[in-house]
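Visitor: My questions concern the predicted model and sequence given below.
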Amino acid sequence: MTRDLTITEVRLTPILVADPPLLNTQGVHQPYTPRLIVEVVTADGLTGVGETYGDGKYLELARPFADKVIGRQVSDLNGLFTVADEVAVDQARVDHQVDVGGLRGVQTADKLRLSVVSGFEVACLDALGKSLGLPVHALLGGRVRDAVEYSAYLFYKWAGHPEGVACEKDDWGAAVDPAGVVEQARKFTERYGFTSFKLKGGVFPPEEEIAAVRALAEAFPGQPLRLDPNGAWSVRTSLKVAEELGDVLEYLEDPALGTPAMAEVAAGTSVPLATNMCVTTFAEIKEAFTRDAVQVVLSDHHYWGGLRNTRELAAVCRTFGVGVSMHSNTHLGISLAAMTHVASTVPNLHHACDSHYPWQSEDVLTERLTFEGGKLAVSDAPGLGVELDRDRLEFLHRRWLDDDGSLRDRDDAAAMRVADPGWVTPAVPRWYGAAGCGLRAEGLPVARGRWFLGAVDPGAGGPVPGGQRTPCPGARGPTEPAARPRPPGPAGASAPSAPRDGTGVTGAAPRGVWCTLAWIRTTPGSAP
């Protein structure tokens, strides 16, 4: 029997899902994060599901996109890109803007469109697979592995969101030091069987994050480790971290911001560099590969416009001898299923993929996907092999409807300001490595009155007896105690808040600095 695969209806359901207080260089995750569930319905009554970002700028494009795909075939996957080109993008969304907290560089209309296309492409593949009785991986050419390996995605984390903030509780506990990070890794291993670990860095001074990775290496000897500061470091600091951790890192992810800086780091270290920040579109590949700026590209089908583009990216990487794996942002089971299907078809995927899924206590599926031994089995059921829980979907959509608008766009800096009203996301590079107490800005602008990390000559403001540390020459304010300065955490949370730039409160007058890896106050003209 011939099926009618014409799209007769599209359902767009924005939702808010619980998210723990995970720290990054931008700030902290909000208690709820937006996602968009896409459903395409065919004339024969088949429904395919997809998932993508749910922020307002994506909804603005998804609505007219949905209108334009009515009447098309779910098999017309190339036509989705034609439709995308027809959808106008508000220039205010792209002019002088950065995407996903700055993690994809300068915002462009194409990047916005591709993230919308990805949700529709997955939904169409799901419907097409159901119509043919084939799993999505078969539509992509067939799987080359029966299960896909994932890594434990570790974060510095508060014990809970600030007191008084509506949120869902979690049982992960705090992780704000090496011991806490190791304990978090143990929980990931016990619950999911992960055998590789990635730590989201760019939160604490590099020396503390080095210590955390060292603690992981000691607790889990021989297991792959990664560190990702989201481009927070200078070239010099990146090279110092690579030197310190070169014997234990599988790769160092986006230590510096942008292809030119990554190329400088790559030229100075043998540690492989991975990225999901400077190579996020096909147009960015040429410069990165010809400059040997990255050795592993972390794909993300939400970024690249879907599963088929992900396979094309993998083929390009294979041609140039560049490794490939997968990045993850906050996502639910639909996206995890899609990731697993496409990952199963990529022959040159030799690194465990990232996934936020263990952090998400809520989902829209009738049955959560389950990791076994750190891997997810590839489904052979038609389509993605998942089923929507409509009651749950309605509950999470109702939360979105009831929100006053403050959570409908992800904003980690705004979430941090709930705990610290003075918080301003630090400019990057956040930490500069420098000899003596001189700052070398490495050609990048420096914010007035901010503190950055630099390697300090012990003879010039190094440790002194009596548990005190002296400020670097030229620093103002009283000396600090030997214990690292940390502001109080959110009320009701046992973990301290994320570190500010050595001042206690971002943007406030400095209180002093500590060495040997010390804070250097930057002022105009201070860079030699």
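Guide: It's in.
Visitor: Please verify my assumption that Glu287 contacts Thr259.
Guide: Yes. Using CB atoms under 8 Å, Glu287 is in contact with Thr259, at 5.3 Å. (Glycine included, C-beta is placed from N, CA and C.)
Visitor: Which of these two has more residues huddled nearby?
Guide: It is Thr259, of Glu287 and Thr259, that has more neighbours when counted by other CB atoms under 10 Å, with 23 against 14.
Visitor: and that one, what does it touch?
Guide: Cys278, Val279, Glu284, Glu287, Ala288, Arg291, Ala293 (CB atoms under 8 Å, 6 or more residues apart in numbering).
Visitor: Next one, pLDDT for Ala455 please.
Guide: Looking at Ala455, its pLDDT is 29.
Visitor: Residues that sit against both of Glu287 and Thr259, list them.
Guide: Ala293.
Visitor: now, which of the contacts of Thr259 sits nearest Val122?
Guide: For the contacts of Thr259, the closest approach to Val122 (CB to CB) belongs to Val279, at 21.6 Å.
Visitor: Quickly find the element holding that closest one.
Guide: Assigned by DSSP states H and E, Val279 belongs to no helix or strand.
Visitor: Settle this for me: it is touching Lys286, isn't it.
Guide: No. Using CB under 8 Å as the test, Val279 is too far from Lys286 to be in contact (9.9 Å).
Visitor: Between the two, point out the one with more neighbours.
Guide: Val279 (30 against 13).
Visitor: Now do the phi/psi pair for that one.
Guide: phi -130, psi 90 (degrees, to the nearest 10).
Visitor: Now for it: which residues touch it?
Guide: Thr259, Ile285, Ala288, Val294, Val297.
Visitor: Quick check, Asp55 in contact with Asp409.
Guide: Yes. Between Asp55 and Asp409 there is a contact at 4.6 Å, judged by CB under 8 Å.
Visitor: hmm, back to that, just the buried ones among the contacts of Thr259, please.
Guide: Neighbour counting over these (16 or more other CB atoms under 10 Å) leaves Cys278, Val279, Glu284, Ala288, Ala293 as the buried ones.
Visitor: Show me what the strand or helix carrying Val41 is packed up against.
Guide: Assessed by DSSP H and E, Val41 sits inside strand 32-42. Of the remaining helices and strands, those touching strand 32-42 by 3 or more CB pairs under 8 Å, 6 or more residues apart in numbering; DSSP states H and E are strand 7-18, strand 47-53, helix 56-69, helix 109-132, helix 390-402.
Visitor: and if we set it to 6 Å?
Guide: Applying 3 or more CB pairs under 6 Å, 6 or more residues apart in numbering; DSSP states H and E, one finds that strand 32-42 contacts strand 7-18, strand 47-53, helix 109-132.
Visitor: Quick one: closest of the ones you listed to Ala215.
Guide: Between these, strand 7-18 lies closest to Ala215; by CB to CB that is 28.6 Å.
Visitor: Direction included, what does the closest one pair against?
Guide: Using DSSP bridges, the strands paired with strand 7-18 are strand 32-42 (antiparallel).
Visitor: buried set for the strand it pairs with?
Guide: So, applying 16+ other CB under 10 Å, buried residues of strand 32-42: Tyr32, Thr33, Pro34, Arg35, Leu36, Ile37, Val38, Glu39, Val40, Val41, Thr42.
Visitor: I'd like these as a markdown table, with pLDDT and distance to Val49 appended.
Guide: Shown next, in a markdown table, are those (pLDDT from 0 to 100; distance: CB to CB, whole Å):
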| residue | pLDDT | distance to Val49 |
| --- | --- | --- |
| Tyr32 | 98 | 21 |
| Thr33 | 98 | 19 |
| Pro34 | 98 | 17 |
| Arg35 | 99 | 12 |
| Leu36 | 99 | 11 |
| Ile37 | 99 | 7 |
| Val38 | 99 | 7 |
| Glu39 | 99 | 6 |
| Val40 | 99 | 8 |
| Val41 | 99 | 10 |
| Thr42 | 99 | 13 |
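Visitor: Just the closest of the residues you listed to Pro358, please.
Guide: Closest to Pro358, out of all of the buried residues of strand 32-42 and judged by CB to CB, is Thr33, at 15.0 Å.
Visitor: How many residues are close by the closest residue to the closest one other than its chain neighbours?
Guide: Leaving aside its chain neighbours, Thr33 sits nearest to Asp19 (4.5 Å; criterion: CB to CB, 6 or more residues apart in numbering). Neighbour count for Asp19, taken as other CB under 10 Å: 25.
Visitor: taking the contacts of Thr259 one by one, which sit in helices?
Guide: Among the contacts of Thr259, the members falling in helices (DSSP state H) are Glu287, Ala288.
Visitor: Now the contacts of Thr259 in CSV, please, with extra columns for pLDDT and distance to Glu253.
Guide: Shown next, in CSV, are the contacts of Thr259 (pLDDT from 0 to 100; distance: CB to CB, whole Å):
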residue, pLDDT, distance to Glu253
Cys278, 93, 11
Val279, 95, 12
Glu284, 95, 16
Glu287, 97, 18
Ala288, 98, 14
Arg291, 98, 17
Ala293, 98, 13
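Visitor: remind me which residues of the stretch 351-500 of the chain are low pLDDT?
Guide: Where the stretch 351-500 of the chain drops to pLDDT under 70, the residues are 432-500.
Visitor: can you pull out the helices in it?
Guide: Using DSSP state H, counting those that start in this stretch, the helices of the stretch 351-500 of the chain run over 390-402, 412-419.
Visitor: ok, and what's touching the first one?
Guide: Contacts made with helix 390-402 from outside it, assessed by CB atoms under 6 Å, 6 or more residues apart in numbering, are listed as Thr13, Pro14, Ile15, Leu16, Val17, Val364.
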